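Peer 1: dropping a prediction and its sequence here:
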Amino acid sequence: MIRIITVEREYGSGGAAIAEKLAAQLGWKLWDQSLTAEIARLAHVDPESVARVDERCDSLLYRLMKVYMRGSFERSLPTAGMDRFDADTMVGLMQRVIERAAADGNCVIVGRGAPYFLREREDAFHVFVYAPWDEKIRRVRMSGKSEAEAVELVSEIDQERATFIRKYFGAEWPTRHLYHLMINSKVGDESVLKTILDEVSMLNTHSLAPTT
């Protein structure tokens, strides 16, 4: 039985919003901003200092951490204390929180390398949401960003995610063989949601079928 769904996504594809709808429809816990908050709590990070720290930390390491601590693209993240919180520490905390969430089950986990951490679990269903360039720009602009901001974010953030995955998992991003489903969100969020639910339902039905 599928008890965990991970949703990895290209920046601007709407994957976080789709994951939120998915969790709501299933009645499962959504690990997105709550996962970020839990990692911040375990790391003793002070969210109130994020702006000050953001101004003085602009290394690749910091930007990688910022990308993977971020939930959905329109929200800020708690990153104070990053001078004491390196990427190795972050990855260890990510794994700890994600594996605990998976053990509890009935959850939807957004990003943060979850498909890599949970790749051996048979009760996990991994989804990758992508979109054409123009669709990603449109979605980011709908969040209030300018055209120039949208182009910059869409251009850079996925490159940084790919660098992170290459460094910590020794894999290219996206690692296609990890995913049960890769889907283009331009077909519409509701169509994506229905496809995911149909696939999970089919797998669950198959797992319950008697063997002969």
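Peer 2: Arrived safely, thanks for sending.

Peer 1: output the lowest mean pLDDT helix or strand found in this protein.
Peer 2: Lowest on mean pLDDT, DSSP states H and E among the helices and strands of the chain sits helix 50-56, with a mean of 28.

Peer 1: now name the helix or strand holding A37.
Peer 2: Assigned by DSSP states H and E, A37 belongs to helix 33-42.

Peer 1: and that helix, what does it pack against?
Peer 2: helix 60-69, helix 87-104 (3 or more Cβ pairs under 8 Å, 6 or more residues apart in numbering; DSSP states H and E). In short, each C-beta sits where N, CA and C put it, glycine included.

Peer 1: worst mean pLDDT among those?
Peer 2: Among the helices and strands packed on helix 33-42, helix 60-69 carries the lowest mean pLDDT, at a mean of 56.

Peer 1: I'd say L118 and T6 touch.
Peer 2: Yes - counting by Cβ atoms under 8 Å, T6 is a contact partner of L118 at 6.4 Å.

Peer 1: helices or strands next to the strand or helix carrying E152 in the packing?
Peer 2: For E152, the enclosing helix or strand under DSSP H and E is helix 147-169. Using 3+ Cβ pairs under 8 Å, 6+ apart, the elements in contact with helix 147-169 are helix 60-69, helix 87-104, helix 133-142.

Peer 1: change it to 10 Å
Peer 2: strand 4-9, helix 60-69, helix 87-104, helix 114-117, helix 133-142 (3 or more Cβ pairs under 10 Å, 6 or more residues apart in numbering; DSSP states H and E).

Peer 1: now the ones you listed in TSV, with mean neighbour count?
Peer 2: Shown next, in TSV, are the helices and strands packed on helix 147-169 (neighbours: other Cβ atoms under 10 Å):
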stretch	mean neighbour count
strand 4-9	27
helix 60-69	19
helix 87-104	17
helix 114-117	24
helix 133-142	17
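
Peer 1: one step back: quick one, the helix holding A37 and helix 87-104 angle?
Peer 2: On the basis of axes from the mean of the first three to the mean of the last three Cα atoms, to 10 degrees, helix 33-42 is oriented at 130 degrees to helix 87-104.

Peer 1: what comes up buried for helix 33-42?
Peer 2: Neighbour-count burial for helix 33-42 flags Q33, L35, T36, A37, E38, I39, A40 (criterion: 16 or more other Cβ atoms under 10 Å).

Peer 1: now those in JSON lines, with distance to G113?
Peer 2: Below are those laid out as JSON lines (distance: Cβ to Cβ, whole Å):
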{"residue": "Q33", "distance to G113": "17"}
{"residue": "L35", "distance to G113": "11"}
{"residue": "T36", "distance to G113": "13"}
{"residue": "A37", "distance to G113": "17"}
{"residue": "E38", "distance to G113": "15"}
{"residue": "I39", "distance to G113": "12"}
{"residue": "A40", "distance to G113": "17"}
